[in-house]
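A.B. asks: I need the structure of the sequence given here:
(chains A, B and C)
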Amino acid sequence: MSEKILLIDGHSILNRAYYGLPELTNSEGLHTNAIYGFLNILFKTIEEEKPDYLTVAFDLHAPTFRHQMYEAYKGTRKPMPQELREQVPVMKDVLAAMGVCMISKEGYEADDLLGTLAKKSEEKGMEVTVLSGDRDLLQLASSHICIRIPKTRFGKTTVEDYFADDVKEKYQLSPQQIIELKALMGDASDNIPGLPGVGEKTATKILLEYGNVENAYAHVEDIKPNKAKNAFLEHYDLAVLSKKLAAINIDSPVDYDWESARIKDFYTQEAYDFFKELEFKNFLSRFEDTGAPAEAEKSFSTVTELDQAEEIIGKARQKPELGLHILKENGVFLGMGLSFSDEEKVLSYCFLPQGFLTEAYLLEQAQMLCQEAAMVSSLDVKSMLRHMDLENHTKMFDAGIAAYLLNPLKSAYTYDDIAKEYLGEMLPAKEDLLGKLNYTKGMKDQEEQAALSVCYMAYVALKSREPLKKALEETEMLHLFTDIEMPLLFTLSEMEKEGIRVNAQALKEYGDQLYVRILELEKEIYQEAGEEFNINSPKQLGVILFEKLKLPGGKKTKTGYSTAADVLEKLAPDHKLVADILEYRQLAKLKSTYADGLAVYIGEDERIHSTFNQTITATGRISSTEPNLQNIPIRMELGRLIRKVFIPRDGYVFTDADYSQIELRVLAHMSGDEKLIQAYQEAQDIHRMTASQVFHVPFDEVTDLQRRNAKAVNFGIVYGISSFGLSQDLSITRKEAAQYIENYFETYPKIKGFLDGLVTEAKEKGYVTTMFGRRRPVPELRSSNFMQRSFGERVAMNSPIQGTAADIIKIAMIRVGKALKEQNLKSRLLLQVHDELLVETAEDETAQVSTILEKEMKNAARLAVSLEIDMHTGSNWYEAK
DNA sequence: CAAGTGCGG
DNA sequence: CTCCGCCGCACTTGT
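C.D. replies: Just a heads-up that it's a prediction; the model follows:
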């Protein structure tokens, strides 16, 4: 059997992969989608073809012989987007690390090198496969040379194979005639001219009749479509030139040694390191023994018998350090993972609640282990605390939070991700083990796999602690982790367990009242519109408003008309229908999300227990889910009324304290701008003060409009201002907005320098930091896309401010929680809403609670300006604001 | 599952 | 000139 060679058109395949795959970056922000796609196609082709030799050809930047023939020739020198260009050198490095033979030659394109090698290999009796995204290469096809063209459609890659016969079948032309075809019809991407008015159809017809360009010209008078005939007469020289440009040089002067192209083992240590850096998880699993760091022997077992469990837990009690995971899904306990080191081995167990091995027993043992061990690591300590009471904060290590601090942009911190990143181990993810099954179903149908997954969680928690801690030290975030995030976790856990009392009866009545009005509005709307339709469907609504009734508004979204409130508000004064729709929307929102939405979360204890997530946001804020209690209405009175259903337990009141403009105060401090600092020291009303200074009017003569504008500018500055955004906000021209901003920066001269400095820092380091060292990477700043880059700039300006404010209130929460306990108060922290804390306060403790809130919130950080709070008490959340 | 919309800071 | 201000979560429709 003859030997096989695989030849690859490097740039062409990279291009295909780049445009065929969604954007992909590693944690450093390096784009990797083209490299990923290239390797995917490479591996797939090699598996299918099993070639003996492999060579990848690349173009060089230097002009080629074609440029000398024809000035306007573009060839492959099309401009490449930055996101693709940065991947080319990395791709070459990766291939070099894999020991892949690469070739390029000044003055020649990759096509020419491929053509030359293809023909020479064919002469040596080899079977040749040429992989390219470019159909030009079809001219090389023969009975031994196959051109493979990968096509990406709907995310799936299919490959078309062309031997000479296939070319003929598809194009009715011989491979040779593909050159003629291109000469006649031209090629816009290479800037090869071709004949005007001659497309693929006509060109093919002419070639079928006359064979080639020269012969066609010899019979030019017979050429059928008159347009083509004239084009021939006028531009024959062009067609001849194009033919020369289109023809691949199959006799390029290359030094090539087939032996150096023989395929060796790709999976070298070097390649492994590259794949790891690029975070190509799928490919890493191709490395078997090579490269992977030596791993301690590990054993995983499932435990279902009580005596067995007692023995293992007894052994675990002797160990200084444990990995632990408690698996609950939908409130049902499914198992417990436990991991520890034992004589050079790592033992991991999954305990399943069966027979005598009960949930109660296992949770009790878990609590005991946590109290006794010197160190317990878990991927999610807070979820574990739901089932036990623990005091000592210092010996717990939350690997999920550590991983979050190290890269807050990830959407999840799963055991396989952490293992890959911090242990260099490729573990099967939950999805690999259970597919789409959840753990509840997995434990039923795939118990072994599900149990293994639980073992891995405990295992990774145990083993990743050291590397995570080291990474936190290196990034100077250990303090943030140890002194803020870890203690906060306990505070948040207590808040979740505490929950907040809700008057279900009142909530139901509120919803019923809304519904009465909703039905009224619905009727009126149908009448005004002249037909019934689904008001909740933006699509149907758009048709009614902008097509049937022909209201001005036009298109805005990619799918059709925008019916968003800011659009409808402009129409509402003139059209009762639109005004009614806006009211309907408002009520429907309140009913579905709040009245009905909250009701389902009220527990047996009359309380709602939200979940506070600590590892979600890019900036360091916490988020609240199931339900979200951080977006309860307040701005509109009707919505605000909902707060009356949030009530304290009997004998208690609510104390609510919120920071006054914490972000602007953080800005004043971080920028060090004396004028802004001074403004805060002098004035109670910072927006009026800003207006006075920006618009050069005395403080007492500031108009309401001026104050409102100044307020918008203050907000804008914090958000990473742009004249466009501000102009939208204030309904003014961009020019005016730009003027406001300029005035602002003149008034507070250090602000601009500070914000610019943040962007510069982000560009240099790749991330920005808060006052407490929290990091946020800003990979968008490397993008060649203007919008992406601008986004990166705004993020660089906003994140340190929002993040520092988040750090401060976290500190306050920890201290408030601690003070309540130390003073043996019954009062408890219930909610945090970004700059606000809500405390359920025993009636006889109101004075102490106020003192604690005031003291701990104001002193949470020492800034150049004071931190001020507004505080209220009330018998429900409405009255406490 | 994405898109549109709207609630909060 | 680019035409977006930042950070979230939940509900509804429609493919």
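A.B. asks: tell me the domain ranges of chain A?
C.D. replies: Following automatic domain parsing, one finds the domains of chain A at A:4-173+A:249-261, A:293-468, A:503-601.
A.B. asks: weakest of these by average pLDDT?
C.D. replies: Mean pLDDT is lowest for domain A:4-173+A:249-261 among these, at a mean of 84.
A.B. asks: now the terminal residues of that domain, how far apart.
C.D. replies: Length of domain A:4-173+A:249-261, first residue to last, C-alpha to C-alpha, to the nearest Å: 11 Å.
A.B. asks: for it, the distance to its chain's centre please.
C.D. replies: 31 Å (C-alpha atoms, centre = their mean, to the nearest Å).
A.B. asks: any residue of it up close to DNA strand C?
C.D. replies: No - figure legend: domain A:4-173+A:249-261 not in contact with DNA strand C (C-beta under 7 Å from any atom of the strand); closest approach 13.0 Å. The way it works is simple: take the backbone N, C-alpha and C, and place the C-beta from them, glycine included.
A.B. asks: what about that domain, near DNA strand B?
C.D. replies: No - Domain A:4-173+A:249-261 does not reach DNA strand B (C-beta under 7 Å from any atom of the strand); its nearest approach is 9.9 Å.
A.B. asks: tell me, which strand in chain A spans the most residues?
C.D. replies: strand A:332-342 (DSSP state E).
A.B. asks: and the next helix-or-strand element following that strand, which strands flank it?
C.D. replies: Following strand A:332-342 in sequence order, the next helix or strand is strand A:345-351 (DSSP states H and E). Here strand A:345-351 is paired, per DSSP bridges, with strand A:297-303 (parallel), strand A:332-342 (antiparallel).
A.B. asks: list the buried residues in the first one.
C.D. replies: Residues of strand A:297-303 classed as buried under the neighbour-count rule (16 or more other C-beta atoms under 10 Å) are A:298, A:300, A:302, A:303.
A.B. asks: can you put the domains of chain A in JSON lines and add distance to residue A:729?
C.D. replies: Below are these laid out as JSON lines (distance: least, C-beta to C-beta, whole Å):
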{"stretch": "domain A:4-173+A:249-261", "distance to residue A:729": "30"}
{"stretch": "domain A:293-468", "distance to residue A:729": "27"}
{"stretch": "domain A:503-601", "distance to residue A:729": "10"}
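A.B. asks: which one of the ones you listed lies closest to residue A:877?
C.D. replies: Taking C-beta to C-beta as the measure, these were each checked against residue A:877, and domain A:503-601 came out nearest at 10.9 Å.
A.B. asks: sorry, back to before: for the longest strand of chain A, C-alpha coordinates in PDB please.
C.D. replies: Provided in PDB are the C-alpha atoms of strand A:332-342 (Å, rounded to 0.1, in the frame of the first residue of the first chain):
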ATOM      1  CA  VAL A 332     -33.200  16.500  48.800                       C
ATOM      2  CA  PHE A 333     -30.000  15.100  50.300                       C
ATOM      3  CA  LEU A 334     -28.300  12.800  47.800                       C
ATOM      4  CA  GLY A 335     -24.900  12.100  49.200                       C
ATOM      5  CA  MET A 336     -21.800  13.200  50.900                       C
ATOM      6  CA  GLY A 337     -18.300  13.300  49.400                       C
ATOM      7  CA  LEU A 338     -15.200  13.000  51.700                       C
ATOM      8  CA  SER A 339     -11.600  13.000  50.700                       C
ATOM      9  CA  PHE A 340      -8.300  12.900  52.600                       C
ATOM     10  CA  SER A 341      -4.700  11.800  52.200                       C
ATOM     11  CA  ASP A 342      -3.500   8.500  53.500                       C
END
